[in-house]
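Visitor: have a look at this prediction, sequence included:
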Amino acid sequence: MDWVVILAGGSGTRFWPLSSPRHPKQLLPLAGPTPSAVAAVAAVEPLVTRRRILMVTGPDLAEPLRQATGLPADQVLVEPVAASTAPALAWGTTTALARDPSATILSMHADWHLGDPDGFRRTADAALFAARQHDALITVGITPTRTETGYGYIVPGEPVDGAVRQVTRFREKPDRATAEALIASGALWNSGLFAWTASRFLAEVRQHTPELAGSLVFLAEGDVSRFFESVTPVSVDIGLLERSNRVLTIAGDFGWDDVGAWDALARLKPADRDGNVLQGPVYTHESGGCIAWSDGTPIVLSGVRDLIVVHANGRVLVLDRSRGPDLKRTLDVLPPEVRDLP
């Protein structure tokens, strides 16, 4: 049967000061009226029964996510320490396999925006079918809509079966010229939406991911703490997908956005006639192209362009929109009493 593993770790530092460890972006209504974690569960419920949805997260977020999504405790897997996506998916996959020996897994993240949920489900169904049909690891590529240097790319190869294609190579976060060349050649964004049978995924991890392979026995024994203590943190992309020769891809087009930084709101929310995206009590005068968010205190923008201005959690952030994706570098140099949110 089909299962869904939703990755819901991380605090979303690129949405500081609105996003915090206690209120990360997956629990905030950034792109729509509901938090993205709630929207993720709603998006997959027509695909699988609610009892076959697992969510992997950290200790601070487990209870807020349970309350927000309504998932029972045994479906919210709490990592003792964060160790990137490969260990998290190994745990989620092992858990599904223990409950269902025929489990096929769809893996996604809790902080995405899905502009076309029906299109997402059609693509997810196709990925799950391809995973079973070809006994392979399926990665869903998104047809690019812009030159994006913050995403990874998939270069598709020869067709295997219908829309299913081989993967020639992956390319992580290229510069602008390289990204333009990749798109011109037909490359896809690497969305992070994956599908595999549980047995194939674990077999590939044993063969290609030494960072995890020797520790899988602890998951089999139910010793989750020892598993996470003994693994080397590694992403599933680097630790497995770029190494395995059983990776195939299909293309999807369902309004996917990873909502990675403040600038994403300009793609996802309506703008005023001057191109400003505003949330809360924000007032503008002869200003354009700005993104402004206030959690209650009025903000006035006058005679400025292309700024991100945020008032939240007792902090005020002002930066050029072009620097939005690099916000973490700013946070790294702030004193803890400013950076750390209440």
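Guide: Ah, there it is. Residues are numbered from 1 along each chain as shown.

Visitor: just give the nearest non-adjacent residue to the most centrally placed residue in the chain, would you?
Guide: Taking CA atoms, centre = their mean, the centroid of the chain lies closest to residue 109, which sits 3.8 Å from it. Of all residues not flanking residue 109 in the chain, residue 7 sits nearest, at 5.0 Å (CB to CB, 6 or more residues apart in numbering). Placement of C-beta: from N, CA and C, glycine included.

Visitor: in three-state terms, label residue 107 for me.
Guide: Look at residue 107: counting by DSSP: H, G, I helix; E, B strand; the rest coil, its state is strand.

Visitor: same deal with residue 189?
Guide: Three-state assignment for residue 189 (three-state DSSP): strand.

Visitor: wait, it sits on residue 146?
Guide: No - using CB atoms under 8 Å, residue 189 is not in contact with residue 146, being 9.8 Å away.

Visitor: which residues sit against the host helix or strand of residue 278?
Guide: According to DSSP states H and E, residue 278 maps onto strand 277-279. Residues from elsewhere that reach strand 277-279 (CB atoms under 8 Å, 6 or more residues apart in numbering): 265, 266, 269, 270, 271, 272, 284, 290, 291, 292, 293, 294.

Visitor: quick check, residue 324 in contact with residue 266.
Guide: No - with contacts defined as CB under 8 Å, residue 324 does not count as touching residue 266, sitting 9.6 Å away.

Visitor: quick one: contacts for the residue lying closest to residue 197 once chain neighbours are set aside?
Guide: Among residues not flanking residue 197 along the chain, residue 104 sits closest, at 5.0 Å (CB to CB, 6+ apart). Contacts for residue 104 (CB under 8 Å, 6+ apart) come out as 1, 2, 3, 128, 131, 132, 195, 196, 197, 198.

Visitor: strands - which of the contacts of strand 277-279 land there?
Guide: If you go by DSSP state E, these have 284, 291, 292, 293, 294 in strands.

Visitor: quick check: bridge partners of the residue nearest to residue 109?
Guide: Note on residue 7: beta-bridge partners by DSSP bridges are residue 56, residue 109.

Visitor: residue contacts, it?
Guide: Contacts of residue 7 by CB under 8 Å, 6+ apart are 55, 56, 57, 85, 88, 89, 92, 107, 108, 109, 110.

Visitor: distance of it from residue 88?
Guide: 6 Å (CB to CB, to the nearest Å).

Visitor: got any residues that touch both of the two?
Guide: Shared contacts of residue 7 and residue 88 (CB under 8 Å, 6+ apart): residue 56.

Visitor: buried residues, stretch 68-82. List them.
Guide: The neighbour-count check on stretch 68-82 (16 or more other CB atoms under 10 Å) flags 68, 69, 71, 75, 76, 77, 78, 79 as buried.

Visitor: what about dumping the CA coordinates of that stretch to PDB?
Guide: Listed next in PDB are the C-alpha coordinates belonging to stretch 68-82 (Å, rounded to 0.1, in the frame of the first residue of the first chain):
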ATOM      1  CA  ALA A  68      -2.100  21.600  14.000                       C
ATOM      2  CA  THR A  69      -2.400  18.500  11.800                       C
ATOM      3  CA  GLY A  70      -4.400  16.200  14.000                       C
ATOM      4  CA  LEU A  71      -2.000  13.300  13.400                       C
ATOM      5  CA  PRO A  72      -1.800  10.900  16.400                       C
ATOM      6  CA  ALA A  73       1.400  10.600  18.300                       C
ATOM      7  CA  ASP A  74       2.500   7.300  16.700                       C
ATOM      8  CA  GLN A  75       2.500   9.000  13.300                       C
ATOM      9  CA  VAL A  76       4.700  11.900  14.300                       C
ATOM     10  CA  LEU A  77       8.300  10.600  14.500                       C
ATOM     11  CA  VAL A  78      10.500  12.700  16.700                       C
ATOM     12  CA  GLU A  79      14.100  12.800  15.800                       C
ATOM     13  CA  PRO A  80      16.400  12.900  18.900                       C
ATOM     14  CA  VAL A  81      18.900  15.000  16.900                       C
ATOM     15  CA  ALA A  82      18.700  16.500  13.400                       C
END
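
Visitor: quick one: mean pLDDT over it.
Guide: Averaging pLDDT along stretch 68-82 gives 96.

Visitor: return the distance of it from the chain's centre.
Guide: Taking CA atoms, centre = their mean, to the nearest Å, one finds stretch 68-82 lying 17 Å from the centre of the chain it belongs to.

Visitor: contacts for that stretch, please.
Guide: With contact meaning CB under 8 Å, 6+ apart, stretch 68-82 is reached by 9-10, 27, 35, 37-38, 41, 50-51, 53-59, 62, 65-66, 87-88, 91-92, 95, 224-225, 228-229, 233.

Visitor: drop anything exposed from these.
Guide: 9-10, 27, 35, 37-38, 41, 53-58, 62, 65-66, 87-88, 91-92, 95, 224, 228, 233.

Visitor: count residues in the vicinity of residue 256, would you?
Guide: Per other CB atoms under 10 Å, the neighbour tally for residue 256 reads 24.

Visitor: what residues are up against it?
Guide: Neighbours of residue 256 in contact, by CB under 8 Å, 6+ apart: 112, 113, 114, 115, 120, 142, 189, 191, 193.

Visitor: quick one: low-confidence ranges for the protein?
Guide: For the chain, no stretch is flagged by pLDDT under 70.

Visitor: so what are the domain limits for it?
Guide: When the chain is parsed with automatic domain parsing, its domains come out as 2-257, 262-339.

Visitor: fine, thanks again, bye for now.
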